[in-house]
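Student: give the three-dimensional model of this entry:
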Amino acid sequence: MHRLRTTVARLRPAVAAHTAQSISQPRPLVVKGGLRTFQPLRCLSASVASEPFLNATSSNYVEEMYYAWLENPKNVHKVQLVFKLKFASGVQIVSSTTQHIISVSDLNLHLECVRSSVFEEFLQRKWSSEKRFGLEGCESLIPALKTIIDKSSQSGVESVIMGMPHRGRLNVLANVIRKELEQIFCQFDSKLEAADEGSGDVKYHLGMYHKRMNRVSDKYITLSLMANPSHLEAVDPVVQGKTKAEQFYCGDIEGKRVMSILLHGDAAFAGQGIVYETFHLSDLPSYTTHGTIHVVVNNQIGFTTDPRMARSSPYPTDVARVVNAPIFHVNADDPEAVMYVCNVAAEWRNTFHKDVVVDLVCYRRNGHNEMDEPMFTQPLMYKQIKKQKGVLQKFVEKLTAEGVVTTQKYEEEVARYDKICEEAYTRSKDEKILHIKHWLDSPWPGFFTLEGQPKNMSCPSTGITEEELKHIGNIAASVPVEDFTIHGGLSRILKGRGNMVSQRVCDWALGEYMAFGSLLKEGIHVRLSGQDVERGTFSHRHHVLHDQNVDKRICIPMNYISPDQAPYTVCNSSLSEYGVLGFELGFAMASPNALVLWEAQFGDFHNTAQCIIDQFISSGQAKWVRQNGIVLLLPHGMEGMGPEHSSARPERFLQMCNDDPEVLPKLSDDFAMRQLHDCNWIVVNCSTPANYFHVLRRQILQPFRKPLIIFTPKSLLRHPEAKSSFDDMLPGTHFKRVIPDDGPAAASPEKVKRVIFCSGKVYYELTRERKNRGLDSEVAVIRIEQLSPFPFDLVRNETDRYPNADLLWCQEEHKNQGYYDYVKPRIRTTINRTRPVGYAGREPAAAPATGNKQTHLMELQRFLDTAFDV
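Tutor: This is a model prediction of the structure:
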């Protein structure tokens, strides 16, 4: 209630100044047949119970009360109470009136509708048979966005990050972001040769980054429109993550310098669950962007689907009520009302730093795209639309009637902008090559060469000194805050860490601590996000300590490593995968000098974020020439826990890798780094804490950025053999793509009868079984730690070492899952198909794992028998 009262008080001067001149005179209302004048307003002092406003049935009554209050606040003594009640009950404000602005603003607005409308007309004239997803029917979106940006710039905003669907995207790029018109027009040329590696993307999915002078505020402002796929609303959390990152890096703790604007379609805003997930991040401490302005292009139709079939709520914007966001519905054919509402929305966001929604109630003049026939499914609607005058025509008629602009001036302005388009069209014909890098939405100045290439193709050692290992280990084993009482069980865990440090070994949790701590000490920000990551799903991490006697008092020892270290952010997320993974992906876009990790509570939970994985992470660089170093931590392992929580579905990630299984790459001195540079992502399954430590550090030290998929362990977190010596983490050490057998088999390779290749936890089950059978000298077990890019060179070294042995791939997953279908053809290519590659593992199955413990153990013993049947 207090917030609402403050809102009204703060916005009152702007509103009053804006309308006082027109309010002092009788208000004209355009009706059929001419002008009508309102009578002097009556004093509205009826009892609250008798006021129909409380029933939300009369927007006219609300409007009349509002005008009465503007004329004399004493006329409406209950207006503040009414406004409070309306906001508290979530009822939405409907803007149905035209606010009268001074002539200069009208003229500026006129120039913006002109550009918006003429741009679409120009595209239709030149490329009538091309899909462009034009803005016809909602041309007022362009002045709406410019109003929001102008107002926000005046309030101190320096950077605006935007996300939007395909409709109107080219118009926004041209007239809001100010992308060069010739660069847009050349996208329509089917003869242009692609210059950049990768697939590229269609023109209405591309993004843009541009810094320009805002002529209203006379300040520079950076505008970034994020590239996105056709999957509507998927870009929402990505935009929020990038916004949060920019706020973080510039110290903008209140969101006064960096903000986000999200555009939506009516059907997607109501229908896509990711909208709800994104709203629920809006006020969480580690995810808030301090207010987003949402603009809904409400076509009142979704492709061919009527609203009555598309949603159960009255308005498409009702989802925003879950965070009590103000929602302004405004007639998009009334540009002055649109500007007014957008000004209020911008003031709301910049004053209270909360979300606000502008619903542009409009129509779609064409079908879903310019080639689509809407009369098939909405014949009556489109008969009316065909009769509808365009917003530009209606607005020009209004302005000429009021004497603000002449017909000649209007025609001159149309001709002037049309000439600009024609000249740009002529220049676009000079373009011979299509450069997707010109459409980059998140540049990293100074990280690459001027040509966009890595500055070198080498990676230094990822090891650190003994002193650093001991120092970070001791921090991990301590409580660096006085008078802080921790849980007794946690005391034992910290004592165990201290013992490991004194013995110069580390387990999985301590290896992770070493990686994070060393990067922080080197000035690299580390952000770990996901469900229950602060403690860890399996109670192994404990990066946030809780005082047992003082509520909400916490300690994060990782932030006590060094006085000049980078900050460490570890945050439990909402119970969302799609939204949170998208958010962290966006966060990782802002800077290459940060290690951003998302951990799934269990590996199979990533499938509810599959859209982000498929559309952004695996293919983002190929489509948009945009590198990203996000890390996915996916707990994986068959441990008798049933079909869920067992498999992280490694087969899905490996299927999307872009290397050719039938081509042996040319080997060179920089082969390993060249492979990493050319791949679309890196997939690893580490079996030792040291290798996990190295792959995390390599993610930052390598001269480019690639997504990293890590299948992390569960039982190995506490396995007595799954520990690493400090010797494996010292200067000069590196990540091991392949870990050879270092036992008796390696000493006499000519006597080895079988070489078993494997990855991950199953290694420990294989070596235990091998020892029990006394086959240490006859069977070599080799771990492939980096599955993709496939280590052809190191695998060939191992197959050459054991010339008399047969080859077998062993996995604990089912045959149609896991790694087998990926590694078998690549091993065969490595050995030039001179030897067969056998299989030991579970049989094909529909589910990832059995739910019966006895069956699980029986399956395990069966494939171990197969593996050691020599």
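
Student: Cys686 and Arg698 touch, don't they?
Tutor: No - counting by CB atoms under 8 Å, Cys686 does not reach Arg698; the two are 11.6 Å apart. Where you see a C-beta, it was placed from the backbone N, CA and C, and this is true even at glycine.

Student: and the two? Which one has more around it.
Tutor: Regarding Cys686 and Arg698, a neighbour count based on other CB atoms under 10 Å identifies Cys686 as having more, with 28 against 21.

Student: you'd agree the more buried one is in a helix?
Tutor: No - secondary structure assignment places Cys686 outside any helix; it is coil (DSSP: H, G, I helix; E, B strand; the rest coil).

Student: give me the most central residue, the chain.
Tutor: For the chain, Val238 is the residue whose C-alpha lies nearest the centre (CA atoms, centre = their mean; 2.1 Å).

Student: in three-state terms, label Arg833 for me.
Tutor: Classification of Arg833 into helix, strand or coil gives coil, according to three-state DSSP.

Student: neighbours of it, just the number please.
Tutor: Each residue near Arg833 was counted by other CB under 10 Å, and the total is 12.

Student: got the domain ranges for the protein?
Tutor: Partitioning the chain according to the TED database yields domains covering residues 104-439, 466-636+685-728, 741-868.

Student: looking at the ones you listed, which is closest to Ser646?
Tutor: For the domains of the chain, distance to Ser646 was read as CB to CB. The smallest value, 3.9 Å, belongs to domain 741-868.

Student: how far does the closest one sit from the chain's center?
Tutor: 37 Å (CA atoms, centre = their mean, to the nearest Å).

Student: can you check stretch 661-668 too?
Tutor: Counting by CA atoms, centre = their mean, stretch 661-668 is centred 34 Å from the centre of its parent chain.

Student: quick one: end-to-end distance for that stretch.
Tutor: Chord length of stretch 661-668, first to last residue, is 19 Å (CA to CA, to the nearest Å).

Student: Asn214 touches Arg178, doesn't it?
Tutor: No - contact status for Asn214 versus Arg178: not in contact, 10.8 Å apart, counting by CB under 8 Å.

Student: next one: phi and psi at Val295?
Tutor: Main-chain dihedrals, Val295, degrees, to the nearest 10: phi -120, psi 120.

Student: is it true that it touches Ile142?
Tutor: No - because the distance of 11.1 Å does not satisfy CB under 8 Å, Val295 is recorded as not touching Ile142.

Student: give me the number of residues near Gly390?
Tutor: Gly390 is surrounded by 17 other residues when neighbours are defined as other CB under 10 Å.

Student: what number of residues lie near the nearest residue to it once chain neighbours are set aside?
Tutor: Distances taken as CB to CB, 6 or more residues apart in numbering put Ser117 closest to Gly390, at 6.5 Å, once the chain neighbours are dropped. For Ser117, the count of nearby residues is 24 (other CB under 10 Å).

Student: what's the helix or strand for Ser117?
Tutor: Under the criterion DSSP states H and E, the helix or strand holding Ser117 is helix 103-126.

Student: so who does Leu440 touch?
Tutor: Leu440 makes contacts with 207, 209, 624-626, as judged by CB atoms under 8 Å, 6 or more residues apart in numbering.

Student: filter these to the buried ones?
Tutor: Among the contacts of Leu440, those buried by neighbour count (16 or more other CB atoms under 10 Å) are 207, 209, 624-626.

Student: turn the residues you listed into CSV, columns for secondary structure.
Tutor: Written out in CSV, the entries for the buried ones among the contacts of Leu440 read as follows (three-state DSSP):
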residue, secondary structure
Gly207, coil
Tyr209, strand
Trp624, helix
Val625, coil
Arg626, coil
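
Student: now do the buried residues in the strand or helix carrying Gln393.
Tutor: Secondary structure from DSSP H and E places Gln393 in helix 391-402. Of the residues in helix 391-402, 391-392, 395-396, 398-399 count as buried by neighbour count, 16+ other CB under 10 Å.

Student: helix, strand or coil for the residue nearest to Val157 when sequence neighbours are not counted?
Tutor: The spatial neighbour of Val157 that comes closest, neighbours along the chain excluded (CB to CB, 6+ apart), is Met259 at 5.3 Å. With three-state DSSP as the basis, Met259 sits in strand.

Student: still on that earlier bit, with pLDDT and distance to Leu716 as extra columns, can I get the buried ones among the contacts of Leu440 in TSV?
Tutor: Putting the buried ones among the contacts of Leu440 into TSV (pLDDT from 0 to 100; distance: CB to CB, whole Å) gives the following:
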residue	pLDDT	distance to Leu716
Gly207	87	41
Tyr209	91	43
Trp624	90	37
Val625	88	38
Arg626	90	34
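
Student: need the distance between the two termini of stretch 567-587.
Tutor: Terminal residues of stretch 567-587 are spaced 15 Å apart (CA to CA).

Student: tell me how far it lies from the chain's centre.
Tutor: For stretch 567-587, the distance between its averaged C-alpha position and the chain's averaged C-alpha position is 9 Å (CA atoms, centre = their mean).

Student: now stretch 214-222
Tutor: 27 Å.

Student: ok, Asp547 touching His487?
Tutor: No - using CB under 8 Å, Asp547 makes no contact with His487, being 9.8 Å away.

Student: and for stretch 203-210, what's in contact with it?
Tutor: Contact with stretch 203-210 is made by 131-133, 166, 169-170, 173, 177-179, 184, 187-188, 222-230, 436, 439-443, 623-624, as judged by CB under 8 Å, 6+ apart.

Student: and of the domains of the chain, who's closest to Arg674?
Tutor: domain 741-868 (9.1 Å).

Student: worst-scoring helix or strand of the chain, pLDDT-wise?
Tutor: With mean pLDDT, DSSP states H and E as the measure, the helix or strand of the chain carrying the lowest mean pLDDT is strand 34-37 (a mean of 30).

Student: the helices in the stretch 651-800 of the chain, which residues?
Tutor: Listed from the start of the chain, the stretch 651-800 of the chain has helices (DSSP state H, counting those that start in this stretch) covering 671-678, 689-701, 744-747, 762-773, 792-801.

Student: tell me the pLDDT of Ser103.
Tutor: Per-residue pLDDT puts Ser103 at 51.

Student: same deal with Phe303?
Tutor: The per-residue pLDDT of Phe303 was computed as 89.

Student: the chain should start at 760 in everything you say after this.
Tutor: Fine by me, first position is 760 from now on; the one you just mentioned is Phe1062.

Student: run a quick check on it versus Arg1123, I expect a contact.
Tutor: No - with contacts counted by CB under 8 Å, Phe1062 stays clear of Arg1123, the gap being 9.8 Å.

Student: the two: who's more crowded?
Tutor: Neighbours were counted for Phe1062 and for Arg1123 using other CB under 10 Å; Arg1123 has more, 27 against 15.

Student: nearest residue to the more buried one in space, please, no chain neighbours.
Tutor: Once its chain neighbours are removed from consideration, Arg1123 has its nearest residue in Asn1058; the separation is 4.1 Å (CB to CB, 6+ apart).

Student: give me the distance between the one you found and Gly1010.
Tutor: Separation of Asn1058 from Gly1010 (CB to CB, to the nearest Å): 40 Å.

Student: again with Asp960
Tutor: From Asp960 to Gly1010 the distance is 34 Å (CB to CB).

Student: rewinding a little: which of the buried ones among the contacts of Leu1199 lies closest to Glu1398?
Tutor: Within those, the smallest distance to Glu1398 is 37.4 Å, found for Arg1385 (CB to CB).

Student: these two touch, right, that closest one and Ser983?
Tutor: No - in this structure, Arg1385 sits apart from Ser983 without contact. The criterion is CB under 8 Å, and the distance is 11.7 Å.

Student: now the domains of the chain in JSON lines, with distance to Cys1218?
Tutor: As requested, these are exported to JSON lines (distance: least, CB to CB, whole Å):
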{"stretch": "domain 863-1198", "distance to Cys1218": "21"}
{"stretch": "domain 1225-1395+1444-1487", "distance to Cys1218": "5"}
{"stretch": "domain 1500-1627", "distance to Cys1218": "13"}
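
Student: partner residues bridging the residue nearest to Ala1325 when sequence neighbours are not counted?
Tutor: Leaving out its chain neighbours, the residue that sits closest to Ala1325 by CB to CB, 6+ apart is His1284, at 4.5 Å. Partner residues in beta bridges with His1284: Ala1353, with DSSP bridges as the criterion.
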